[in-house]
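Student: requesting a structural model of the entry that follows:
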Amino acid sequence: MERDSERYKDLSARHGQTTDTLRNAKADIQLLHSAVQERDHWIADCRTKNQAMYQANSELLAAYRDKNAWDAVKQREPLTGIASVEVENAVQEYQFRLEDLRTVEFKPESVVSQMTLPGTASAP
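Tutor: Okay, here's the model as predicted:
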């Protein structure tokens, strides 16, 4: 009877440890799942910005590809300077578009360092 009681206490303690390990593992899996979703969202955002940047660069190249000598003379027109203002506005527009499309370095919001190793207790 006494041996069975000791064995039951030992098995109960091992069950508690196993339950804690399982709880920690599930928390780690959820944390990793969140990190993967966050990274996938960042990659999709980068893809969208890259496509928009490619479009902006294509428009800019098309504007210069179709430029002829007469357009260059009109741009340098010294009397009113309207053409140079238009060029400055176009340059600023492209600069703003490119700044909006700039991708920042990926920094995860969820802290992966909070993950626990098997057999260690996790911080609440």
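Student: quick one: the strands in the protein, in order.
Tutor: For the chain, strands defined by DSSP state E do not occur.
Student: lowest-confidence helix or strand of it?
Tutor: Here the helix or strand of the chain ranked lowest by mean pLDDT, DSSP states H and E is helix 69-75, holding a mean of 66.
Student: wait, doesn't residue 56 sit right on residue 100?
Tutor: No - at 9.7 Å, residue 56 and residue 100 do not qualify as touching, with contact defined as CB atoms under 8 Å. To be clear about C-beta, it is placed using only N, CA and C from the backbone, and glycine gets the same treatment.
Student: higher neighbour count, these two?
Tutor: Ranked by neighbour count (other CB atoms under 10 Å), residue 56 and residue 100 place residue 56 first, with 16 against 11.
Student: nearest residue to the more buried one in space, please, no chain neighbours.
Tutor: Residue nearest to residue 56 in three dimensions, not counting chain neighbours: residue 97, with 5.1 Å by CB to CB, 6 or more residues apart in numbering.
Student: separation between the residue most central in space within the chain and residue 36?
Tutor: Residue closest to the mean C-alpha point of the chain, counted by CA atoms, centre = their mean, is residue 42 at 2.7 Å. Going from residue 42 to residue 36 by CB to CB, to the nearest Å gives 11 Å.
Student: next: residue 99.
Tutor: Going from residue 99 to residue 36 by CB to CB gives 29 Å.
Student: and the helices in the protein?
Tutor: In the chain, the helices defined using DSSP state H lie at 2-65, 69-75, 82-100.
Student: what's the closest of those helices to residue 107?
Tutor: Closest approach to residue 107 among the helices of the chain is made by helix 2-65 (9.2 Å; CB to CB).
Student: relative to helix 82-100, how tilted is that closest one?
Tutor: Between helix 2-65 and helix 82-100, the angle comes out at 170 degrees (axes from the mean of the first three to the mean of the last three CA atoms, to 10 degrees).
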